[in-house]
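[1] what follows is a protein structure lacking sequence information:
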């Protein structure tokens, strides 16, 4: 994002103060609003963050903006300021990015009764690549609206374009499960039974750390360890741990 583009975006969100720029980022702020963008090559390269402190994110509001109005405002913002990735030219890449809008609520307890009240309207992204979910710090869009159709918070961490780097063989799910269980049960200090309670395949967009800026597929494996004290203590589940395993050879 160049300086002029960033300045126009800041003005669109109500910030007209002089901006600050370094090699890694650009920022603009006034007494109540702030916006920052991390340039490519920085640790969070591509991350756009905006906050408006006119209202607390935890504050209840009588009437949050209508989801249809928020959707229209958001779509216009993304389109006019080119905040979404360009469609891939390579037919081997099937990228789907959908924006969903939902109304949020919170429970309030007055000492006698619990009452559910409206709290916010939220925009969040759903991203998939060739049918596989994409997640991670740099693959997420989230906006929170409280009193007006302009967000109180915006987190837009996503790339500008995507291309194929190389093709690899996908490791089968059963092989990953077997390797994890074999390694865990072979530990000398581990005598509990190990159960794989869940496994999911996902592309992971990690923080930029100075190497190749790649979307890499991983298996996220949830493992539960047997707790022999569970019956005595009335515990239904044993200790759990999640492993992130590369899904390619």
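    Alright, I've got the coordinates. As the structure is a prediction and not an experimental result, all values here were calculated from the model.
[2] continuing past the helix or strand bottoming out on mean pLDDT in the chain, what's the next helix or strand?
    Here the helix or strand of the chain ranked lowest by mean pLDDT, DSSP states H and E is helix 230-233, holding a mean of 62. Where DSSP states H and E defines the elements, the next helix or strand beyond helix 230-233 is strand 240-246.
[3] can you list the strands that that following strand pairs with?
    Strand 240-246 sits in its sheet next to strand 216-225 (antiparallel), going by DSSP bridges.
[4] could you give the mean pLDDT of the partner strand?
    In this model, strand 216-225 carries a mean pLDDT of 89.
[5] quick one: that strand to chain centroid distance?
    18 Å (CA atoms, centre = their mean, to the nearest Å).
[6] what does stretch 10-19 give?
    Centre-to-centre, stretch 10-19 and its host chain are 25 Å apart (CA atoms, centre = their mean).
[7] end-to-end on it?
    With CA to CA, to the nearest Å as the measure, stretch 10-19 spans 9 Å from end to end.
[8] ok, now stretch 133-149?
    End-to-end distance (CA to CA), stretch 133-149: 29 Å.
[9] residue 215 contacts residue 134, correct?
    Yes: counting by CB atoms under 8 Å, residue 215 does reach residue 134; the two are 6.6 Å apart. All C-beta atoms are positioned from the backbone trio N, CA, C, and that covers glycine.
[10] what touches both of those two?
    Common contacts of residue 215 and residue 134 (CB atoms under 8 Å, 6 or more residues apart in numbering): 203, 204, 205.
[11] that older thread, ok, residue 215 and residue 134, which is more surrounded?
    Ranked by neighbour count (other CB atoms under 10 Å), residue 215 and residue 134 place residue 134 first, with 24 against 20.
[12] so for the more buried one, what's the pLDDT?
    Listed pLDDT for residue 134 reads 93.
[13] which of the residues in the helix or strand encompassing it are buried?
    Applying DSSP H and E as the criterion places residue 134 in strand 132-135. The neighbour-count check on strand 132-135 (16 or more other CB atoms under 10 Å) flags 132, 134, 135 as buried.
[14] check stretch 133-149 too.
    Using 16+ other CB under 10 Å as the test for burial, stretch 133-149 gives 134-136, 138-141, 143-148.
[15] just the ones in strands from those, please.
    Taking DSSP state E as the definition of strands, the buried residues of stretch 133-149 contribute 134, 135, 140, 141, 143, 144, 145.
[16] need those residues in a markdown table (columns: distance to residue 31).
    Listed next are these as a markdown table, based on distance: CB to CB, whole Å:
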| residue | distance to residue 31 |
| --- | --- |
| 134 | 37 |
| 135 | 35 |
| 140 | 28 |
| 141 | 27 |
| 143 | 22 |
| 144 | 20 |
| 145 | 21 |
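[17] closest to residue 1 out of these?
    Nearest to residue 1 among those, counting by CB to CB, is residue 141 at 15.2 Å.
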